[in-house]
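Peer 1: Next comes the sequence, and after it the predicted model I'd like to discuss.
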Amino acid sequence: MMTNHKEAQETADIWKSTPKKHKAVTKKHPILTAKTVSSRETRIKDISTGLDKVKTSQANNSVESCSGLSIPAIESTVHNDQFLQLKEYLPQTSAYIIEKFQHLELETFLAAPPCALQVHFWLQVDTAASAQTWIQQLEEKTKTTYRITKGTAYGTTGKRIIFKTVRLCQHKRKTPTKKMPIKKFDHVREGCERSTRDKKTGCPSTLSVTIMSPDKHMKHPLYPCLVKLLFNHNHPIDSGHALSFRPISETARKAYVHLFEDGNSASSARHEYVTSLQLEYDGSQAMQRVLADHSINPITQDVQRLFQSWRLMTVGAENGTPMFVRLNTEINRYNKFTEADGGKVHMQQYTAHTDSKLDIPSHSQDHPYCKPKEVKQQTESPFVLAIVTPLMARVHKLVQQAGEMVFCDATASLDRLNTPVFIISAATAAGGHYR
């Protein structure tokens with residue numbers, strides 16, 4: 001037994017020192033090699049089990065220097081003062097593993113950002129939706145906006161990378177190319193002075209978010225999202241001018257939609273919304289900053305666009321083919337609902353036809369050089385919508401006078417198309433009834 005054990009140990013040493021391309025040991029000693037392989041697999045399992053225990057102990061003994069930010073003790077490379085800086089800019093809804101932290105040179109202009117840094121960290125995010133949510137939280141906390149320069153499908157194959165996006169600060173000016181309109185970059189090409197409302201300052205701040213596949217990425221299995229943030233803005237991030245370029249937030253959109261649903265127009269909804277903001281922040285130092293923030297307080301033109309898009313989604317188009325398609329849908333639904341009570345709606349859609357014919361003057365029909373003249377005639381079918389409610393159908397059926405004499409009243413200026421409305425009524429013993 002001792003001899004066999006000694007030979008097995010020697011064979012195991014030969015197995016470790018032999019390159020992979022040499023298979024002589026396996027052929028000469030098949031029985032001993034099988035035992036060696038089984039013992040090797042056992043050692044590998046023991047090593048993996050030990051690594052899992054180390055990871056568990058690291059997770060249990062993690063150092064939390066601030067709320068939401070945690071670093072395992074083994075990978076602790078960030079000091080407490082740096083943690084406090086990250087706490088001001090990073091959302092505290094997830095845990096982080098900081099991989100790189102570097103201070104950059106601060107800007108010296110008036111109202112410059114108090115911090116400039118470059119940081120790489122791993123985030124506990126594993127889906128594209130959660131990554132988008134984290135980016136929105138970062139933009140809300142830092143009062144900045146990052147625009148997509150390369151889409152979510154950039155570099156994504158699904159094997160090693162699940163999601164990837166590269167974004168630039170919205171104050172970054174794109175490099176003008178030949179395909180871009182020249183007027184948009186006149187001051188760049190010709191050196192003209194910029195407008196006071198120009199938001200492009202050439203900001204170098206960038207944001208890169210990449211979600212690795214858990215099967216391929218083994219460095220931090222519980223933190224598959226790698227974020228590279230270059231936070232060195234060359235413009236104020238909390239001034240009224242910078243806040244006026246922020247996109248409308250989802251909270252403001254929902255508030256305006258609620259006002260539209262209550263029957264407000266665009267102007268009345270904006271007046272009520274701004275009044276509520278002034279009452280909420282009355283006497284506060286943040287009121288001027290809130291009113292200047294475009295994400296909280298959109299301008300009148302943007303409120304008009306919100307109202308138009310909401311009306312298009314809920315009511316439909318106000319003219320053209322989409323309007324008639326929506327009317328047909330509503331008519332079919334109304335006729336089906338009131339069919340048992342006699343209600344009915346009929347529509348004649350507006351159509352326009354153009355016909356061409358040859359016009360030959362009568363005095364020159366026999367003239368050899370006279371050419372006929374082409375005349376275009378346009379015929380139109382007007383838009384007509386006839387509505388008969390169940391009450392009207394009942395009056396027309398039971399009241400004899402409804403088929404003998406009627407009264408007609410026309411009303412206009414009811415919509416943008418100035419469509420006239422004709423109300424037809426009949427005289428009865430009970431008084432006038434709409435027909």
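Peer 2: Arrived safely. Residues are numbered from 1 along each chain as shown.

Peer 1: which residue ranges form the helices in this protein?
Peer 2: 2-17, 24-28, 30-60, 80-89, 128-142, 186-189, 240-243, 250-261, 266-280, 287-292, 300-314, 321-337, 390-398 (DSSP state H).

Peer 1: among these, which gets the worst mean confidence?
Peer 2: Comparing mean pLDDT across the helices of the chain, the weakest is helix 24-28, with a mean of 40.

Peer 1: And the chain, split by domain according to the record?
Peer 2: Following automatic domain parsing, one finds the domains of the chain at 2-60, 64-243, 250-314.

Peer 1: Show the end-to-end separation of the last one, please.
Peer 2: Domain 250-314 has its terminal residues 18 Å apart, counting by CA to CA, to the nearest Å.

Peer 1: residues contacting residue 319?
Peer 2: 416, 417 (CB atoms under 8 Å, 6 or more residues apart in numbering). Backbone N, C-alpha and C define where each C-beta goes, glycine included.

Peer 1: redo that, cut-off 7 Å
Peer 2: When contacts are counted by CB atoms under 7 Å, 6 or more residues apart in numbering, residue 319 touches residue 417.

Peer 1: nearest spatial neighbour of residue 251, skipping sequence neighbours?
Peer 2: Distance criterion CB to CB, 6 or more residues apart in numbering; nearest residue to residue 251, sequence neighbours excluded, is residue 296 at 7.9 Å.

Peer 1: Give the full set of residues in contact with the one you found.
Peer 2: With contacts defined as CB under 7 Å, 6+ apart, the neighbours of residue 296 are 249, 252, 290.

Peer 1: And for residue 381?
Peer 2: So residue 381 contacts 348, 350, 351 (CB under 7 Å, 6+ apart).

Peer 1: cool, and residue 126?
Peer 2: By CB under 7 Å, 6+ apart, residue 126 lies in contact with 211, 224, 225.

Peer 1: so what pLDDT did it get?
Peer 2: pLDDT, residue 126: 86.

Peer 1: I'd like the distance between it and residue 290.
Peer 2: Counting by CB to CB, to the nearest Å, the separation of residue 126 from residue 290 is 35 Å.

Peer 1: swap in residue 200?
Peer 2: Noted for residue 200: a distance of 25 Å to residue 290, by CB to CB.

Peer 1: on that earlier part again, may I ask which of the contacts of residue 296 has the most neighbours?
Peer 2: Tallying neighbours with other CB atoms under 10 Å puts residue 252 at the head of the contacts of residue 296, with 21 neighbours.

Peer 1: close enough to count as contact, that residue and residue 298?
Peer 2: Yes - Residue 252 lies in contact with residue 298 (CB atoms under 7 Å); the separation is 6.2 Å.

Peer 1: For the two, list the residues in contact with both.
Peer 2: In contact with both residue 252 and residue 298: no residue, using CB under 7 Å, 6+ apart.

Peer 1: got a markdown table for the contacts of residue 296, with distance to residue 92 too?
Peer 2: Shown next, in a markdown table, are those (distance: CB to CB, whole Å):
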| residue | distance to residue 92 |
| --- | --- |
| 249 | 19 |
| 252 | 23 |
| 290 | 22 |
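
Peer 1: out of the residues you listed, who's nearest residue 117?
Peer 2: residue 249 (25.9 Å; CB to CB).

Peer 1: What's the per-residue pLDDT of that closest one here?
Peer 2: pLDDT, read off for residue 249, is 92.

Peer 1: residue contacts, it?
Peer 2: 295, 296.

Peer 1: From residue 146, how far off is it?
Peer 2: With CB to CB as the criterion, residue 249 and residue 146 are 15 Å apart.

Peer 1: show me where pLDDT drops low in the stretch 151-300 of the chain?
Peer 2: Applying pLDDT under 70 to the stretch 151-300 of the chain picks out residues 151-158, 174-196, 215-218.

Peer 1: The same query, at a cut-off of 50, please.
Peer 2: For the stretch 151-300 of the chain, applying pLDDT under 50 flags the ranges 185-190.

Peer 1: Do you know the pLDDT at residue 102?
Peer 2: For residue 102, the pLDDT comes out at 88.

Peer 1: and residue 398, how many neighbours?
Peer 2: As a burial measure, residue 398 scores 9 neighbours (other CB under 10 Å).

Peer 1: what do you get for the one 3 residues further on?
Peer 2: Residue 401: 13 surrounding residues under other CB under 10 Å.

Peer 1: Isn't residue 388 up against residue 341?
Peer 2: No - with contact defined as CB under 7 Å, residue 388 does not count as touching residue 341 (10.5 Å).

Peer 1: higher neighbour count, those two?
Peer 2: residue 388 (17 against 12).

Peer 1: ok, the nearest residue to the more buried one once chain neighbours are set aside - how many residues close by?
Peer 2: Excluding its sequence neighbours, the residue lying closest to residue 388 (CB to CB, 6+ apart) is residue 344, at 5.0 Å. Residues near residue 344, counting by other CB under 10 Å, number 17.

Peer 1: Pretty sure residue 344 sits against residue 337.
Peer 2: No - using CB under 7 Å, residue 344 is not in contact with residue 337; the gap is 11.0 Å.
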